[in-house]
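Student: show me how the following folds:
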Amino acid sequence: METSPGRGVPPAAPPLLQVDGVTLAFGGVRALSGVGFGVQRGSITAVIGPNGAGKTSLFNTISGFYRPTAGSIRFRGQDITRTPPPERARLGLARSFQNIALFRGMTVLDNIKLGRHAHLKTNVLDALFYMGRARREEAELRRDIEERIIDFLEIDHIRHAPVAALPYGLQKRVEMARALAMQPEVLMLDEPVAGMNREETEDMARFILDVRAEWGVTVLMVEHDMGMVMDLSDHVVVLNFGQVIAQGTPGEVQADPEVARAYLGSGDVGALRAKLQAAAGRAPAPAEQGAA
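Tutor: Here you go, the predicted structure:
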């Protein structure tokens, strides 16, 4: 087996998703500038940063809603920089949105079924007259969603309820269910626990861990809940003013003075670590309390 020079260990596998030098400009304003990082298969990668750092712009670029001014995006080794969003969904990229993007007048089940649309093989004639193939696909789709996704996310009791009647936390769970219905290899979650209480946040964190462990789905998320980010993530990418200022393990990011400056206005990593531990509901160690 080939090994890395001087290390005696196999080289790291190429990233499942690679963002390379991505720049995004709107007129004279740069939302992203030379952003680059990789997402390893089977990992949970978080993108964090202060408000206005460019996190959602990055998500919109990866999912195809924005086309970068420069740079490239590769998925499974294939350049998808100019690939339209529906085709990216068919390839295995699925996402949720910061602001809930469900059809409020439709039921939970019907909203989730829409997520499988990109993979359906039924033609217009079959669908129009609800002929054999359309009927079979509909039955298979419903069975798969009810037996796997709805049970997995524990929303069986609301599957026939209109989305508009649901509390916010359950609507966020339904949006995740719709993204899972796309059969993703990479699940992109844009602020999955924004606006949730502690119990709802803990439930969502558990689902994110389980979807990686049980379904083998790679997760890329933008999130402001720093306690959750540090607890769940394998790799953290920190943006500030559209640029990557740090990336690495949660521990490495917490120890980076540039990250402390972005969040606190100073390079005090002890204060940053204490703040993150407080966000996670843990008391800082005595040394960290003194540093803060």
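Student: which residues in the chain form strands?
Tutor: Applying DSSP state E to the chain gives strands spanning 17-26, 29-39, 44-48, 70-75, 78-79, 93-95, 186-190, 218-222, 235-240, 243-248.
Student: the fourth one - contacts with which helices or strands?
Tutor: Contact partners of strand 70-75 among helices and strands, from 3 or more CB pairs under 8 Å, 6 or more residues apart in numbering; DSSP states H and E: strand 17-26, strand 29-39. (Each C-beta comes from the backbone N, C-alpha and C, glycine too.)
Student: got a markdown table for those, with distance to residue 273, mean neighbour count and mean pLDDT too?
Tutor: Output for those, formatted as a markdown table (distance: least, CB to CB, whole Å; neighbours: other CB atoms under 10 Å; pLDDT from 0 to 100):
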| stretch | distance to residue 273 | mean neighbour count | mean pLDDT |
| --- | --- | --- | --- |
| strand 17-26 | 27 | 19 | 97 |
| strand 29-39 | 22 | 19 | 96 |
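Student: hang on, the earlier thing: nearest to residue 165, of the strands of the chain?
Tutor: strand 186-190 (23.7 Å; CB to CB).
Student: starting from the closest one, tell me which strands it pairs with and how they run.
Tutor: Looking at strand 186-190 with DSSP bridges, its partner strands are strand 93-95 (parallel), strand 218-222 (parallel).
Student: could you dump the helices and strands packed on strand 70-75 into CSV with distance to residue 219 added?
Tutor: Listed next are the helices and strands packed on strand 70-75 as CSV, based on distance: least, CB to CB, whole Å:
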stretch, distance to residue 219
strand 17-26, 11
strand 29-39, 9
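Student: using TSV, lay out the strands of the chain together with distance to residue 62.
Tutor: Shown next, in TSV, are the strands of the chain (distance: least, CB to CB, whole Å):
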stretch	distance to residue 62
strand 17-26	7
strand 29-39	9
strand 44-48	10
strand 70-75	6
strand 78-79	13
strand 93-95	7
strand 186-190	7
strand 218-222	8
strand 235-240	12
strand 243-248	14
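Student: which regions of the chain sit below the pLDDT cut-off?
Tutor: Flagging of the chain using pLDDT under 70 yields the residue ranges 1-11, 99, 117-139, 277, 279-292.
Student: show me the domain layout of it.
Tutor: 13-92+185-284, 102-183 (automatic domain parsing).
Student: what comes into contact with the lengthiest helix in the chain?
Tutor: Across the chain, the longest stretch assigned as helix under DSSP state H is helix 198-215. Helix 198-215 is touched from outside by 42, 44, 152-154, 169, 172-173, 176, 180, 187, 189, 192-193, 196, 217-219, 221, 225, 228, 231-232, with contacts defined as CB atoms under 8 Å, 6 or more residues apart in numbering.
Student: would you mind listing the buried residues in that helix?
Tutor: For helix 198-215, the neighbour count (16 or more other CB atoms under 10 Å) marks 200-201, 203-205, 207-208, 211-212 as buried.
Student: which one of the residues you listed is nearest residue 144?
Tutor: residue 211 (15.3 Å).
Student: quick revisit: from the contacts of helix 198-215, list just the buried residues.
Tutor: 44, 152-153, 169, 172-173, 176, 180, 187, 189, 192-193, 196, 217-219, 221, 225, 228, 231-232.
Student: verify the stated contact: residue 32 with residue 21.
Tutor: No. Counting by CB atoms under 8 Å, residue 32 stays clear of residue 21, with 9.9 Å between them.
Student: if we can go back for a sec, winner for burial among the domains of the chain?
Tutor: domain 13-92+185-284 (a mean of 18; mean count of other CB atoms under 10 Å).
Student: mind checking how far it is from the chain centre?
Tutor: A distance of 7 Å separates the centroid of the chain from that of domain 13-92+185-284, by CA atoms, centre = their mean, to the nearest Å.
Student: please name the residues that touch residue 81.
Tutor: Contacts of residue 81 by CB under 8 Å, 6+ apart are 67-68, 71-73.
Student: just put the residues you listed in TSV and tack on distance to residue 239.
Tutor: Shown next, in TSV, are these (distance: CB to CB, whole Å):
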residue	distance to residue 239
67	19
68	15
71	14
72	18
73	16
